[in-house]
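Q: build me a structure from this.
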Amino acid sequence: MAQTRHNSWMTAAFLTLSLACFTLVAAGKKKVDTPSLDDRKRILHVLNRFTFGPRPGDIDLVSKEGVDRWFEEQLQPEKLNDSTLEARLEPLRTLRMNTREIVENFPPPQIIKAIIDGKEPMPRDPARRAIYEAEIARYENKQDRKNEDRKNEDRKNNNNEDRKNETSTNGDTKAETSAATPTNPASNVVPEASAADKVSEEERAKRREAKLYADIKAEELLDLPPDQRMKEILKMPPDEQRALLNGKSDTREEVLATLSPQQRETAMALVNPQQVVQSELTQAKLLRAAYSERQLQEVMTDFWFNHFNVFVGKGADRYLITSYERDVIRPNALGKFEDLLVATAKSPAMLFYLDNWLSVGPDSDEAQGLRRRPQNRGFGGRGRRGRFPPPPRQAKAKRKLDGLNENYGRELMELHTLGVNGGYTQQDVTEVARVFTGWTIREPRKGGDFAFEERRHEPGTKIVLGKKIKEHGEKEGLEVLHLLARNPNTAKFICTKLAQRFVSDNPPQPLVDRMATAFLKKKGDIREVLRTMYQSPEFWAPETYQAKVKTPLEFVVSALRATGADVQDAAPLVGALQNMGMPLYGMQPPTGYSMKSDAWVNSSALLGRMNFALALANDKFKGVKANTAEVLGSTPPTGAHETLTAFENAYLVGAASDQTHAAIMKQLDDPQITRRKLDDTAQSPNVGAIAGLILGSPEFQKR
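A: Numbering: from 1, shown residues only. You can find the predicted model right below:
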């Protein structure tokens, strides 16, 4: 009954607040007369645009330092101490590995198949060897299931054929069979359980037995010190390891929780090594956004990754993205655009994602058969000519080199530089594709680096945007990238996207023009473009204040920062983002996620945000502790209304609208909300509920 009442008030609160949100968003699209921003609002405006949201005390710190000085410090991230963040990232070992090391420690199926076929040796290190053995057992079990399914299908086909033969020789068989089926009410015959049903029941029994064994084993392991416990886990057969580590119970979770970070990582890899790589990548993104002192660099890293999007679900990119973000995007996020463009073009992650690593010039030596085609096919991902990379279900298909592939040439101009109306033609796309033939990956199956393969390169002169590109091997690509990076249409396109991210969904054209002029004059210096934007009156215009709706990522991280949350395990937050429709690194098309409010404002999305806010404020995410009570100080308010005011001041800087304040006040009149327990005669405020309603409010969802 109590849970029903809880859901009732939460739903009522959501419906009221969501209506308020739609009203406020609509009002935000209209030009209204607003007084200029005072000093406190100016600071909040800067923190909302150039960070993932203010933390408790940030406004006062920036006020003392000066907002202009703070902004200049953020433009020089290498000078900012980020040791607190680094300590949180220390357990995530894959973040410090190159791609080859990641592949060796957390093998993909193709490496396991090579070992089974005798083409690769088993590792000697006991922990790594156990991971490989577990994957080999998993691979062989999968093959056994496939063979059994094939045999069952063959038996089924043979039985069907036998029935057809019997029917053809005995005309009464069909009638007799019909009379004996359960669909005939006159029949009492119950068909014997099928082989599939028997197998299914047998499998269920095995699972129950495995679960019971795992619980008993977990109790035994908890009595051992972590090092000895890990040795025992490594000695277990793969099936028993999986039963122990892949199940859900408090005891089994405690077995993992009390291991060292590296031991825990190894234990998780015994179940799914690829998942370890992706899990550490996604958790690190949230931790960086929440805790880094280099906030502008992290905001720009997110911006550029989205601009040069790569999909984590495509084959080898599961392993390549760690290096792509660390070594390509982040170091160049505030540098020269051309340097960033060249780095992405040479990145194995981009070469694989858009299939350029397979592109072969029609008149190249490779195409003319002057050398046998290489057999190294990478981790999977069937190349094709078309607008988007292939879906994940095709990722394991084998393929041959596809000839000339135009994917990268098209996206380079349409999405990375000139823009869809940037003055290029289909002929330019084809010519750029010819230029980039031979840009490939050395040993992609093993996590190799960029390589230029002369024999795949299309010979001859190319014409790109009316400019003659003479035959010059790899340097042709660099010439084209330089040409595109200095093009006025590129300056306009990039500056429009930057203004959309930092100013408004429809930025003023004079602002974009001013930024584009700085882009061309300073040869694509991203710092100078951001300075120009920061110093422009359009950035500080009252109508831009809280005019942007947060994406799910921005919303989640801003809530963590506002509450001063302590995140020991970011995995539940990664799952929450997926539920909100923004899985990290999970955008399949190269367009990336939209930065505009229209993509994120709808009733379903708002309900998801409200549920997240309430769950966070009430510490429902395991491994995440929101310090909501700290906002109230050592002598917290005794009433619900006073508590609401305190949270409005803390999370919204006192900027709650009358509509939002009234909506929440109405909910607070319900005693089931203001009291923690039904029998609490003191009616102490439900701090978690009030904080959650504020975090889910329309004002907090805007920046």
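Q: ends of stretch 496-510, how far apart?
A: Terminal residues of stretch 496-510 lie 11 Å apart, using CA to CA, to the nearest Å.
Q: identify all contacting residues around that stretch.
A: Stretch 496-510 is contacted from outside by 49-50, 303, 307, 419, 511-512, 515, 529-530, 533, 538-539, 543-544, 547-548, 595-598, using CB atoms under 8 Å, 6 or more residues apart in numbering. (Glycine included, C-beta is placed from N, CA and C.)
Q: and the residues you listed, which of them are in helices?
A: Members of the contacts of stretch 496-510 lying in helices (criterion: DSSP state H): R49, F50, F303, H307, L511, V512, M515, V529, L530, M533, E538, F539.
Q: what's the neighbour count on the third one?
A: It refers to F303. Using other CB atoms under 10 Å, F303 has 19 other residues around it.
Q: can you give me phi and psi for the closest residue in space to G335 that isn't next to it in sequence?
A: Residue nearest to G335 in three dimensions, not counting chain neighbours: I526, with 6.3 Å by CB to CB, 6 or more residues apart in numbering. Note on I526: its backbone torsions stand at phi -70, psi -40 [degrees, to the nearest 10].
Q: before we move on, what about L245?
A: Given degrees, to the nearest 10, the pair of backbone angles that L245 has is phi -90, psi -20.
Q: check V624 too.
A: Residue torsions, per degrees, to the nearest 10, at V624 are phi -130, psi 130.
Q: and if you look at K702?
A: The phi and psi values for K702, taken as degrees, to the nearest 10, are phi -110, psi 160.
Q: contacts only, for the residue lying closest to it once chain neighbours are set aside.
A: Nearest non-adjacent residue to K702, counting by CB to CB, 6+ apart: Q546, 4.4 Å away. Counting by CB under 8 Å, 6+ apart, Q546 makes contact with G28, N48, A655, E699, K702, R703.
Q: for the third one, give me its contacts.
A: The contact partners of A655, by CB under 8 Å, 6+ apart, come to Q546, E648, E699.
Q: report the separation between it and E474.
A: A655 is 54 Å from E474, where distance means CB to CB, to the nearest Å.
Q: the top helix by length along the chain packs against which elements?
A: As assigned by DSSP H, the longest helix anywhere in the chain is helix 126-169. Counting contacts by 3 or more CB pairs under 8 Å, 6 or more residues apart in numbering; DSSP states H and E, helix 126-169 is packed against helix 99-105, helix 109-116, helix 173-179, helix 195-222, helix 226-235, helix 238-245, helix 261-271.
Q: what about E454, how many neighbours?
A: By other CB under 10 Å, 12 other residues sit near E454.
Q: which one of the helices and strands packed on helix 126-169 has the lowest average pLDDT?
A: In terms of mean pLDDT, the lowest-scoring of the helices and strands packed on helix 126-169 is helix 173-179 (a mean of 44).
Q: so which of the contacts of Q546 would you say is closest to D144?
A: R703 (53.5 Å; CB to CB).
Q: ok, how many other residues are close to that closest one?
A: Residues lying near R703 (other CB under 10 Å) number 22.
Q: ignoring the adjacent residues along the chain, who's closest to it?
A: The shortest distance from R703 to any non-neighbouring residue, by CB to CB, 6+ apart, is to N48 (3.9 Å).
Q: cool, S697 as well?
A: T660 is the one closest to S697 (CB to CB, 6+ apart), at 5.0 Å.
Q: check the gap between the one you found and P54 for me.
A: Look at T660 and P54: by CB to CB, they are 19 Å apart.
Q: so S684 is in contact with T638, correct?
A: Yes: taking contacts as CB atoms under 8 Å, S684 lies within contact range of T638: 7.4 Å.
Q: so which of these two has more stuff around it?
A: Taking other CB under 10 Å, S684 and T638 do not tie; S684 has more neighbours (16 against 11).
Q: just to be sure, the more buried one is in a strand?
A: No: if the criterion is DSSP: H, G, I helix; E, B strand; the rest coil, then S684 is coil and not within a strand.
Q: for it, give me the pLDDT.
A: At S684, the model reports a pLDDT of 73.
Q: what do you get for the one 10 residues further on?
A: Reported pLDDT at I694 in the predicted model: 91.
Q: equivalent analysis for the one 5 residues further on, please.
A: E699 is assigned a pLDDT of 90 by the prediction.
Q: for it, what are its contacts?
A: Applying CB under 8 Å, 6+ apart, we find E699 in contact with L24, Q546, L652, A655, A656, S657, T660.
Q: so what's the residue count around the nearest residue to it once chain neighbours are set aside?
A: Of all residues not flanking E699 in the chain, L652 sits nearest, at 5.0 Å (CB to CB, 6+ apart). L652 has 22 neighbouring residues, counting by other CB under 10 Å.
Q: likewise L270?
A: Neighbours of L270 (other CB under 10 Å): 24.
Q: just for this structure, where's the confidence low?
A: Counting by pLDDT under 70, the chain has low-confidence residues at 1-35, 162-200, 202-204, 206-210, 247-248, 370-402, 669-683.
Q: show me the contacts for the residue nearest to G335.
A: With contact set as CB under 8 Å, 6+ apart, I526 has these partners: M300, A333, L334, G335, K336, F337, L340.
Q: how about the fourth one, what does it touch?
A: If you count contacts by CB under 8 Å, 6+ apart, G335 has them with D525, I526, R527.
Q: now the second one
A: Contact analysis of A333 by CB under 8 Å, 6+ apart lists Q297, M300, T301, F303, W304, L340, I526.
Q: among those residues, who's most crowded?
A: Counting by other CB under 10 Å, top hit in these: M300 with 27 neighbours.
Q: residue nearest the centroid of the chain?
A: The centre of the chain sits closest to L584, judged by CA atoms, centre = their mean, with a distance of 0.9 Å.
Q: so how far is R609 from it?
A: 17 Å.
Q: in the chain, which spans are strands?
A: Here the chain has its strands, by DSSP state E, at 439-441, 450-452, 462-464, 467-469, 566-567, 624-625.
Q: would you mark the buried spots in the third one?
A: Translated: strand 462-464. The neighbour-count check on strand 462-464 (16 or more other CB atoms under 10 Å) flags K462, V464 as buried.
Q: what pairs with that strand, parallel or antiparallel?
A: strand 467-469 (antiparallel) (DSSP bridges).
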